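J.: Predicted model, plus sequence, below.
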Amino acid sequence: MNSSTYSFLALSLALTFAGAADAANILVPQQAATINAGLAMAGPGGTVTVDEGTYHENVVMAFDNQTLRGDGNVKVDAGGGAGLIVPIGVTGCVIDDMQFRDCSMGMLIAGMDTEVSDCKVKNTTSHGIFVLMSNVRIEDTSVKDAALNGIYIGASSCVVYKCQIARTGEAGVLAFGDFNSILGTTIRETGHQGIQIGDDAVGADGNLVQLCNISLTGWDGIELRRMASGCTINENEIYDTTNDAIDIRWLSDGHSLTKNVIHNAGDAGIEVDGANATISRNKVYNSWDDGICLESDADNGMYFKNKVMFSMDDGFYVAGAGNTFTRNKGKFSLGLDRFSFVPMAANIYVDNVFFTSN
């Protein structure tokens, strides 16, 4: 080999061993007195394992592909600051089995491809977990007593899976961006919505909410706001909402709602004020207003095999046009203002069966 080839091989080996040396496994407090000191010692790709106890610091994961792991009894008391920060530009971090308490926010995640699992966030003065970058996964994590939103997602392709959220000042989960998924999550006692997708200025396309249990919300159970489109809301259970259980807002377009079970909505079970909805096989019980209510902008939708019972007003109230209603059923709706089923011209009705108790 010539000298340039030897030089290249030597440099490659040096970089390989340097990278291996950086990826350490550090124990806190045995090898480092604080979590931040342990993260600095571990370097890129390293793991920091923390023994139980309370740590008074604002944790910052500043290197790619680090893992921070507790034992379930590790408590980070941030003293009013953020409990943990993953900065912009940092990727691939893992946070597992940690607790963050008494923080301005439990976690601020601005790095892509972050994974959070088995963590607890409690008593924050703003959001519980604030996500600003894509491809973040939050799993088996609880957020309680957040002054604002439990989990705020301001990015795309994020996943909230089997989490528990309770006692929030605003929404349980607030999601902007596209193709986010909220799955198998329990949400209760929220000041605003259980789940809000999009708002009146920021879009949110193709989001999925499935197998969630939502109850005791201050506003709607699930709200699809004006700029949301093409979302899928499947197999959720929604109880005891102050307003609508599911609210598709004006200009919110092209959503699919299937096999949701709704009890005790303070207003409508499902309220639709957007076009091109597909609403099928939902069960709606005990709505204070209409079971399913179509407002004037609810056009060109498909309504198939929905079951509506015990509405204080109408089972279905229809004010849109171009919709098709097939094999929907309802009974014991009081129809105090109108009737149990209120059709409107310019729609198609096939084999719907509705009975009233009066």
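T.: Arrived safely.

J.: C-alpha from now on. contacts and neighbour counts both.
T.: Will do.

J.: Okay, now the unreliable bits of the protein?
T.: For the chain, the stretches with pLDDT under 70 are 1-23, 332-345, 355-358.

J.: need the helices for it, in chain order.
T.: 3-22, 35-42 (DSSP state H).

J.: Counting neighbours, which bits of the last one end up buried?
T.: In this case it means helix 35-42. Within helix 35-42, the residues that count as buried by 16 or more other Cα atoms under 10 Å are 35-42.

J.: packing partners for it?
T.: Judged by 3 or more Cα pairs under 8 Å, 6 or more residues apart in numbering; DSSP states H and E, the packing partners of helix 35-42 are strand 25-28, strand 47-50, strand 59-60.

J.: Let's see that with 10 Å instead.
T.: helix 3-22, strand 25-28, strand 47-50, strand 59-60, strand 67-69 (3 or more Cα pairs under 10 Å, 6 or more residues apart in numbering; DSSP states H and E).

J.: Go ahead and name everything in contact with it.
T.: The contact list for helix 35-42 (Cα atoms under 10 Å, 6 or more residues apart in numbering) reads 21-32, 46-50, 55-63, 66-68, 76.

J.: let's go with 7 Å and repeat that
T.: 22-26, 28, 32, 48, 59-61 (Cα atoms under 7 Å, 6 or more residues apart in numbering).

J.: before we move on, back to that, export the buried residues of helix 35-42 as JSON lines, with columns for distance to Leu183.
T.: Output for those, formatted as JSON lines (distance: Cα to Cα, whole Å):
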{"residue": "Ile35", "distance to Leu183": "31"}
{"residue": "Asn36", "distance to Leu183": "32"}
{"residue": "Ala37", "distance to Leu183": "35"}
{"residue": "Gly38", "distance to Leu183": "34"}
{"residue": "Leu39", "distance to Leu183": "31"}
{"residue": "Ala40", "distance to Leu183": "35"}
{"residue": "Met41", "distance to Leu183": "36"}
{"residue": "Ala42", "distance to Leu183": "33"}
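
J.: Kindly indicate which of the contacts of helix 35-42 lies nearest Glu170.
T.: Val59 (25.7 Å; Cα to Cα).

J.: Please list all residues in contact with the nearest residue to that closest one once chain neighbours are set aside.
T.: When the adjacent residues along the chain are set aside, Val59 lies closest to Leu84, with 4.6 Å between them (Cα to Cα, 6 or more residues apart in numbering). Each residue near Leu84 by Cα under 7 Å, 6+ apart is listed here: 58-60, 106-108.

J.: In the residues you listed, which residue is surrounded by the most others?
T.: Gly106 (35 neighbours; other Cα atoms under 10 Å).

J.: now it: how far from Thr258?
T.: Applying Cα to Cα, to the nearest Å, the value for Gly106 to Thr258 is 34 Å.

J.: Find the nearest non-adjacent residue to Glu57, please.
T.: Per Cα to Cα, 6+ apart, closest to Glu57 is Ala78, 5.1 Å.

J.: Determine which two of the contacts of Leu84 are furthest apart.
T.: Most distant of the contacts of Leu84, by Cα to Cα, are Val60 and Gly106, 12.1 Å apart.

J.: Just give me the neighbour total for Ala201.
T.: 10.

J.: List the contacts of it.
T.: Ala201 is in contact with Met227, counting by Cα under 7 Å, 6+ apart.

J.: one more time with 8 Å, if that's ok
T.: Taking Cα atoms under 8 Å, 6 or more residues apart in numbering, we find Ala201 in contact with 226-227.

J.: Asp118 too?
T.: If you count contacts by Cα under 8 Å, 6+ apart, then Asp118 has 72, 96-98, 139-142 around it.

J.: Ok, Arg101 next?
T.: Neighbour list for Arg101: 75-78, 83, 121-124 [criterion: Cα under 8 Å, 6+ apart].

J.: and Val48, how far is that from Ile95?
T.: Distance, Val48 to Ile95, using Cα to Cα: 10 Å.

J.: Correction: the previous question concerned Gly53.
T.: Distance from Gly53 to Ile95, by Cα to Cα: 17 Å.

J.: who's more crowded, the two?
T.: Per other Cα under 10 Å, whichever of Gly53 and Ile95 has more neighbours is Ile95, with 20 against 14.

J.: Run through the residues that contact that one.
T.: The contact partners of Ile95, by Cα under 8 Å, 6+ apart, come to 67-69, 114-117, 119.

J.: How about it: which residues does it bridge to?
T.: With DSSP bridges as the criterion, Ile95 is bridged to Leu68, Val116.

J.: those strands in the stretch 251-358 of the chain, which residues are they?
T.: Assigned by DSSP state E, counting those that start in this stretch, the stretch 251-358 of the chain shows strands spanning 256-258, 261-265, 270-272, 278-280, 283-285, 292-294, 302-304, 307-309, 316-318, 324-326, 329-333, 341-342, 348-350, 353-356.
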